[in-house]
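Peer 1: Have a look at this prediction, sequence included:
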Amino acid sequence: MELHSLFLFAILAGIFLPAPVDSAYVAYNTSSGIVPGKINVHLVPHSHDDVGWLKTVDQYYAGANNSIRGACVQNVLDSVISALLDDSNRRFIYVEMAFFERWWRQQSDVLKAKVKRLVDSGQLEFINGGMCMHDEATPHYIDLIDQTTLGHRFILDEFGKKPRVGWQIDPFGHSAVQGYLLGAELGFDSLFFARIDYQDRAKRISTKTLEVIWKASRSLGSSSQIFTGIFPVHYEPPDGFNFEINDVSDPIQDDPLLFDYNVRQRVNDFVAAALAQANVTRTNHIMWTMGTDFRYQYAVSWFRQMDKFIHYVNLDGRVNALYSTPSIYTDAIFAAKEKWPLKTGDFFPYADRENAYWTGYFTSRPGFKGYVRSLSGYYLAARQLEFFKGRYSTGPNTDALADALALAQHHDAVSGTQRQHVAADYALRLSIGHKEAEKVVASSLAALTSSRLKSTQMDSNPEFQQCPLLNISYCPPSEANFTNGKSLVIIAYNSLGWKREDVIRIPVSSENLVVRDSAGKEIESQLLPISNISLLTTEYLVKAYLGISASGSARYWLAFSVSVPPLGFSTYTVSSSKSTESRSFVSTVYTSEEGSVENLEVGQGDLKLLYSANEGRLTHYANKRNLVTELPELSYSYYTGYNGTDRVFQASGAYVFRPNGTFPIEPKGQVPLAVIRGPLLDEVHQQLNAWLYQVTRVYKDKEHAEVEFTIGPIPVDDGYGKEIVTKISTALSSNKTFYTDSNGRDFIKRIRDYRADWDLDVHQPVAGNYYPINLGIYLADETRELSVLVDRAVGGSSLVDGQIELMLHRRLINDDTRGVGEALNETVCVLDDCKGLMVRGKFYFRIDPLGEGAKWRRTLGQEIYSPPLLAFSEEEEGYNWKSSRTTTFSAMDQSYSLPNNIAVITLQELQSGKVLLRLAHLYEAGEDKDYSVVSGVELKKLFSGKKIKKVTEMTLSGNQERKKMEKSRLEWKVEDEDEEKVVRGGGVDPVKLVVELAPMEIRTFIIDFDYLSSHGDSDIHHRL
């Protein structure tokens, strides 16, 4: 019976076997270009290579730690280059210069020459071109510019090319700053990405509006708009067309001797997928992104199949397939002369389904976010000092910090969505870069302070120390004992372009101290006791991070006012007071447990805060200058996250915020208040529970409240992760409306439970109304506005009229199944004792009459980003620092400072000796009645004592002249476009050398100096 069946099978098989044919070599025709009148399928080969996520950047590059994921970028690049050299029709795009630069350094001159020919021919094209594909929610705009500039400079130096297309395919939502600043202002002609809200995508597919003109800046309007393409599904090929080794897609089997010969079937599959995508687009061009994460490790497996598809699909003739790039696609779309719909605003928040809003990462890893932000401001200042002293080819420089900060902007780095060991790797790189930059700062300050000395005395340059752990009350130089006749010298450097008046605080061990300014005059100072919780925190964290015990000698904070010139420094000395001298004022301390006072007032200046001693809470806010009064409430609560893994019970995780109830943090019984008063500032200390401590500060000469919080370790022993929020509540009638910043630049209008682009189906009324905040958030009614500023990226919202909510910390015990495969459960360990992460940070709030809050938001926002840089040295007994060293310095003309609406955001000497200068207007059009105007910067006074030889305006990343870019930029047509007047700064007169900036404008220049004709202190290498 079985033998009979076998014979029958053989007979039937023979009936259906094709006639005998020969198996022969096929020369695939892959030379096709665009064919008018047909659907053109642009095949864009790419690999999306994260510079850290599940593995570190080194592990991804070298293919190490493959037990986590088998990914090796070195193999990708080796394999792709080989495949491109095999066929001149093949193309490939590459994005992450952090990887390509590593690979490039290791190649021979022979291979480099071949790769340059590939780039020149367009086979290999650099797209986006930054060191990484940066996040768009949590970085500061200066960091975005810096990391992009690094990548573009590498491409220009090595290949002479300028990227012209943005490729932000994986970030989890898209910011307005990305659209106009990191898009159009770079000279890009187009921008492409994948991730938008699932409801938004559905609407755009149905209305054929996946491709738009994005006018992201209200101030710069059409002068900074950009063609933007959104992929119909994701950044992968259509289903059935993935061809990495072990992928499940069927390859074309075109050997007629094969039983599974399938050319006709696969061509039909291709045409069907092409027609489906063509039905949701407006032209006869569609793009297929042929690749995804870490693909092309064996590039031939992809290119072999694409060769075949192009060959057989074009023989079929129903559609046209071609090797392409986003640049080719952009030119083809532009040639279609279509009018495109207009998009304004941004693409936040992002949800990939109804219960999964990716708004948790706005706050994830708050300690790391704070570290990145603080080093960003430090890097800005360090580059300035490096320029003043002079950059050398040897010795310390700021490059390591630049590279580390660039990696940290990656969309799985500062976002907080990486695995824990990867976060540690990023932090280590930042620490190494910081240490190197500290040497630059120290040597620069030594040279600048010694500029009054003769050259024979230069060997006596002082040694400067810095205190990166000041935020946890740890600074060994300031904690020294000054009873032996030594004095502490403090240099306060101001990286802002205007004079700065501020109060600085340093930990000290003695109370008999006197502070003198640069002229040797005694100035007012105040001693505030360091709280017990701060002392315990310092001891624990110093042991955890430095492996040593803190000295334990610090007993007080010493606070004093500083006045620092623009782009300059002032010097202050702290010493033991003699019997005939005044000494620092020792603050008075009052605790609510000591008496029966019902209300406690704090504030030595115009701003007064009133606290209920019995209830331990803020009850009244009054500013006697502007007559604003309010009955605010400052409270804390936490959300518990869902613990599920399916669609309905989606868990909160590194990416997703999915609250499952909110619980107020209400201490049991009375909250004891400790009120510390003095001539410079008052403080209110509150221990809200075992893991939440708050200090509210009101400075005499400031009109805002500063709130410092210490949160953690967040308890999770009850089986629930927790997300900690603070709420500032007022009676303002804000009508569901509030405003959040875009990467520290423009403020975007938000309306609760509303989207301008589609009718929102509300599934998550909390998470779906969260937005990223880098600078601040504010709301207003008809008479007042409430503003809150932050010191790092956080998520926030206004879920109740008159109330602002910020998420400050999160600790979760479940993964949200979005790829990272690890719960966001950060811990700190001392030996074998591991506890949940403790975070210390600040936010600031103020209430103004309507229309007057912008000045505070913009000015204090700059001061938060760029705090005074402090360096410490010693003055030996009998040595007169004031008479022998420069005690005050400004790089600018003594009579000049920048306008209050202009900031220097880059001042950097390049390796060529030229100087990169960026100036930014801080205000939007119509934001402020006084400062939303065109303002000018006098370069001659900005660079006092230097002879400017040539000033060339560049695009944002400095890789091409702006005039040339504007001449070649594509001018897109827009549906129903209204005529508008866009204001921009004019050209720079080569004699007057005045730069004009219009609201929200950033202008970039390369400046050549004639150092031989410059005058000043020539001992500092012609730079002063």
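Peer 2: Right, received. Where do you want to start?

Peer 1: any idea which helix is longest in the protein?
Peer 2: The helix spanning the most residues in the chain, taking DSSP state H as the definition, is helix 420-449.

Peer 1: what is the rounded mean pLDDT of the helix or strand just after that one?
Peer 2: Under the assignment DSSP states H and E, the closest C-terminal helix or strand after helix 420-449 is strand 487-494. For strand 487-494, the mean per-residue pLDDT is 96.

Peer 1: now strand 487-494 and helix 420-449, what's the angle there?
Peer 2: For strand 487-494 against helix 420-449, the angle by axes from the mean of the first three to the mean of the last three C-alpha atoms, to 10 degrees is 100 degrees.

Peer 1: Strand 487-494 packs against which elements?
Peer 2: When contacts are defined as 3 or more C-beta pairs under 8 Å, 6 or more residues apart in numbering; DSSP states H and E, strand 487-494 sits against helix 420-449, strand 500-508, strand 556-564, strand 568-576, strand 869-875. Backbone N, C-alpha and C define where each C-beta goes, glycine included.

Peer 1: In its sheet, which strands sit next to the fourth one, and in what direction?
Peer 2: When you say that, I think you mean strand 568-576. Strand 568-576 pairs in its sheet with strand 487-494 (antiparallel), strand 513-516 (antiparallel), strand 888-890 (antiparallel), by DSSP bridges.

Peer 1: ok so, going back, by how many degrees do the longest helix of the chain and strand 869-875 diverge?
Peer 2: Relative orientation of helix 420-449 versus strand 869-875 (the same axes, to 10 degrees): 60 degrees.

Peer 1: What's the first helix or strand after the helix or strand of the chain with the lowest mean pLDDT?
Peer 2: Lowest on mean pLDDT, DSSP states H and E among the helices and strands of the chain sits helix 2-16, with a mean of 37. Downstream of helix 2-16, the first helix or strand assigned by DSSP H and E is strand 40-45.

Peer 1: residues in contact with that next one?
Peer 2: With C-beta atoms under 8 Å, 6 or more residues apart in numbering as the contact definition, strand 40-45 has outside contacts at 34, 80, 90-93, 270, 274, 284-291, 296, 302-303, 306, 309-310, 313, 319-326, 328-329, 332.

Peer 1: any idea which strand is longest in this protein?
Peer 2: Secondary structure assigned by DSSP state E gives strand 839-849 as the longest strand of the chain.

Peer 1: Which elements pack onto the very next helix or strand once past it?
Peer 2: Proceeding C-terminally, strand 839-849 gives way to helix 853-865 as the next helix or strand, assigned by DSSP H and E. When contacts are defined as 3+ C-beta pairs under 8 Å, 6+ apart, helix 853-865 sits against helix 366-389, strand 776-780, strand 784-790, strand 839-849.

Peer 1: Parallel or antiparallel, list what pairs with the shortest one.
Peer 2: Within its sheet, and counting by DSSP bridges, strand 776-780 is paired with strand 737-741 (antiparallel), strand 784-790 (antiparallel).

Peer 1: Name the residues that touch the longest one?
Peer 2: Read it as strand 784-790. Contacting residues not belonging to strand 784-790 are listed as 628, 630, 728, 730, 732, 773-780, 796, 802, 804, 806, 841-853, 856-857, 860-861, 864 [C-beta under 8 Å, 6+ apart].

Peer 1: C-terminal to it, what's the next element?
Peer 2: Next helix or strand after strand 784-790 toward the C-terminus (DSSP H and E): strand 794-797.

Peer 1: what does that following strand rub up against?
Peer 2: If you take C-beta under 8 Å, 6+ apart as the criterion, strand 794-797 is touched by 359-360, 362-363, 366, 369, 657, 738, 740, 750, 752, 766, 769-773, 777, 788, 790, 804-808.

Peer 1: can you rerun that using 7 Å?
Peer 2: Contact partners of strand 794-797, identified using C-beta atoms under 7 Å, 6 or more residues apart in numbering, comprise 359, 362-363, 740, 769-773, 777, 804-808.

Peer 1: One more: stretch 349-363?
Peer 2: Applying C-beta under 7 Å, 6+ apart, the contact partners of stretch 349-363 are 137-138, 172-173, 195-198, 415-417, 647-648, 650, 652-658, 763-764, 767-768, 770-772, 793-795, 807-808, 810.

Peer 1: Which of those fall in helices?
Peer 2: Those of the contacts of stretch 349-363 lying in helices (DSSP H): residue 198.

Peer 1: Now the stretch of helix or strand residue 535 belongs to - C-alpha only, CSV.
Peer 2: Using DSSP H and E, residue 535 sits in helix 532-546. C-alpha atoms of helix 532-546 as CSV (Å, rounded to 0.1, in the frame of the first residue of the first chain):
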residue,chain,number,x,y,z
ASN,A,532,20.7,66.5,59.0
ILE,A,533,19.2,64.9,55.9
SER,A,534,21.7,66.7,53.7
LEU,A,535,24.6,65.5,55.9
LEU,A,536,23.3,61.9,55.8
THR,A,537,22.7,62.1,52.0
THR,A,538,26.2,63.5,51.5
GLU,A,539,27.9,60.7,53.4
TYR,A,540,25.9,58.0,51.7
LEU,A,541,26.3,59.3,48.1
VAL,A,542,30.0,60.3,48.4
LYS,A,543,30.7,56.7,49.6
ALA,A,544,28.6,55.3,46.8
TYR,A,545,30.1,57.4,43.9
LEU,A,546,33.6,58.2,45.1
